[in-house]
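Visitor: Here you go, sequence then predicted model.
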There are 2 protein chains.
Amino acid sequence: MQLPSSLLENAVNEFAKLPGIGKKTALRLVLHLLKQDVEAVQHFGDSISKMRKEIKFCQRCCNIADADICSICANSMRKQDIICVVENIRDVIAIESTQQYNGTYHVLGGVISPLDGIGPDQLNIETLVSRIQKEHTQEIIFALNPNIQGDTTIYYIQKKLQPFPVKVTTIARGISFGGELEYADEMTLARSLQNRLPVESYVAGGR
Amino acid sequence: MQLPSSLLENAVNEFAKLPGIGKKTALRLVLHLLKQDVEAVQHFGDSISKMRKEIKFCQRCCNIADADICSICANSMRKQDIICVVENIRDVIAIESTQQYNGTYHVLGGVISPLDGIGPDQLNIETLVSRIQKEHTQEIIFALNPNIQGDTTIYYIQKKLQPFPVKVTTIARGISFGGELEYADEMTLARSLQNRLPVESYVAGGR
């Protein structure tokens, strides 16, 4: 695809670097921006540069924040002695949108994955351990994706936490609400049989 | 979806204004940018603002250009007395990529579409007519999308061109290469029957 202008080409190439955006989509986006006001496009560019430059990470839980401490950690209405351990900020947003959780988070920034060259040292695990030690945390809830990497990460962190009197749990794994047994994979089905619940607790929890 | 930072939220909202990009995709793109270097993201933002601010439109054909005259109009190897009339710059790129056309273009910036409130005055039609008068153009090739708006625009411009000794053609419409008769709509099939070609010219042109 040959473009008639180097300015246009630069902008298209920048957009095409984003995940899931190819050259044709990038061109469509850039031509859309070309039709907007100069000020609107300036604002678009500035808000992105500014976001990257000025955004902070919470010093306590590694979540994205505007200040040194994120709004969740700073909220005294939330239970500060429960920590939900998640992989990334998208998971924080997903859990927050359920409106069912009232504790704090700890964002690992990934999971242990030797094949991708990610070891424990690249994740926010040390900060989690020292935080639990310092804050006398009551409970850790692991909310990691149910796969080998997630399970490895849980196992590794759990070992590290053995010296501390903290309750360690993980979110339930089983058949999704609205899912069909027939289409569930064997692993999921086997686990949900193993971890079967008494019906009373299911009914009480499912309300 | 509640985001933990207003900077993040601004950036996500800006991305979500782009066509075909919803809030979730916007968040994915922004979190991808967050992982990049500050300089790389600064460059992304700047190249977009700069593109919008500094890009020019060719004074002759209204194509996008880095200078006052676009690279196609400035190219003396191309036939300057043939003009291909297109709706927008994406069509220029599509025709250029065939490497079969060696004339110049004229970008209308849209087609006549009363339902969308677009009349002839909002399009680059006056500049086309005065250009043909001044440059003694030999041939005009309409390459507009085959629909009511495209046909209306051709009809309108053709009327305007009647005083001038210029050959007016339109790109062939018919069954697409690789298409199947069975699935062609009646309009396309009827037109391609009406405008049937002698097999010799088809073979010569199709090489």
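Guide: Okay, I see it.

Visitor: all contacts plus neighbour counts: C-alpha atoms, from now on.
Guide: Will do.

Visitor: how does chain A divide up, domain by domain?
Guide: A:6-54, A:75-171 (automatic domain parsing).

Visitor: Export the ones you listed to a markdown table and append columns for mean pLDDT, mean neighbour count and distance to chain B.
Guide: Shown next, in a markdown table, are the domains of chain A (pLDDT from 0 to 100; neighbours: other CA atoms under 10 Å in any protein chain shown; distance: least, CA to the nearest CA, whole Å):
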| stretch | mean pLDDT | mean neighbour count | distance to chain B |
| --- | --- | --- | --- |
| domain A:6-54 | 92 | 18 | 4 |
| domain A:75-171 | 91 | 16 | 6 |
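
Visitor: Scan chain A for its longest helix.
Guide: helix A:38-54 (DSSP state H).

Visitor: Each with direction, which strands does the helix or strand just after that helix pair with?
Guide: Sequence-wise, the next helix or strand downstream of helix A:38-54 (DSSP states H and E) is strand A:56-57. Strands that pair with strand A:56-57, judged by DSSP bridges, come out as strand A:64-65 (antiparallel).

Visitor: element containing residue A:188?
Guide: helix A:186-194.

Visitor: same thing with residue A:61?
Guide: Going by DSSP H and E, residue A:61 is not in any helix or strand.

Visitor: Would you confirm that it contacts residue A:107?
Guide: Yes: Residue A:61 is in contact with residue A:107 according to CA atoms under 8 Å; the separation is 6.0 Å.

Visitor: Which residue lies nearest the spatial centre of chain A?
Guide: Geometric centre of chain A, nearest residue: residue A:88, 2.4 Å, by CA atoms, centre = their mean.

Visitor: Test my guess that it contacts residue A:95.
Guide: No: using CA under 8 Å, residue A:88 is not in contact with residue A:95, being 11.3 Å away.

Visitor: export stretch A:64-77 as CSV, just CAs?
Guide: C-alpha atoms of stretch A:64-77 as CSV (Å, rounded to 0.1, in the frame of the first residue of the first chain):
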residue,chain,number,x,y,z
ILE,A,64,-2.8,2.2,38.1
ALA,A,65,-3.3,5.4,40.0
ASP,A,66,-3.4,9.2,39.7
ALA,A,67,-1.6,9.6,43.0
ASP,A,68,1.0,7.6,45.0
ILE,A,69,-1.8,5.5,46.4
CYS,A,70,-4.7,4.3,44.3
SER,A,71,-8.3,5.1,45.0
ILE,A,72,-9.1,1.6,46.2
CYS,A,73,-6.2,1.5,48.7
ALA,A,74,-7.1,5.0,49.9
ASN,A,75,-10.7,4.1,50.4
SER,A,76,-11.2,3.5,54.2
MET,A,77,-14.6,1.9,53.6
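
Visitor: which residues in chain A form helices?
Guide: So, for chain A - with DSSP H - the helices run A:6-16, A:23-34, A:38-54, A:89-96, A:125-135, A:148-161, A:186-194, A:199-205.

Visitor: So which elements touch the longest one?
Guide: What it means is helix A:38-54. For helix A:38-54, the elements it packs on are helix B:6-16, helix B:23-35, helix B:38-54, judged by 3 or more CA pairs under 8 Å, 6 or more residues apart in numbering or on different chains; DSSP states H and E.

Visitor: Tabulate the ones you listed in TSV, adding columns for distance to residue A:43.
Guide: Listed next are those as TSV, based on distance: least, CA to CA, whole Å:
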stretch	distance to residue A:43
helix B:6-16	8
helix B:23-35	15
helix B:38-54	8
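
Visitor: Between these, which one is closest to residue A:120.
Guide: Checking the helices and strands packed on helix A:38-54 against residue A:120 by CA to CA gives helix B:23-35 as the closest, at 18.5 Å.
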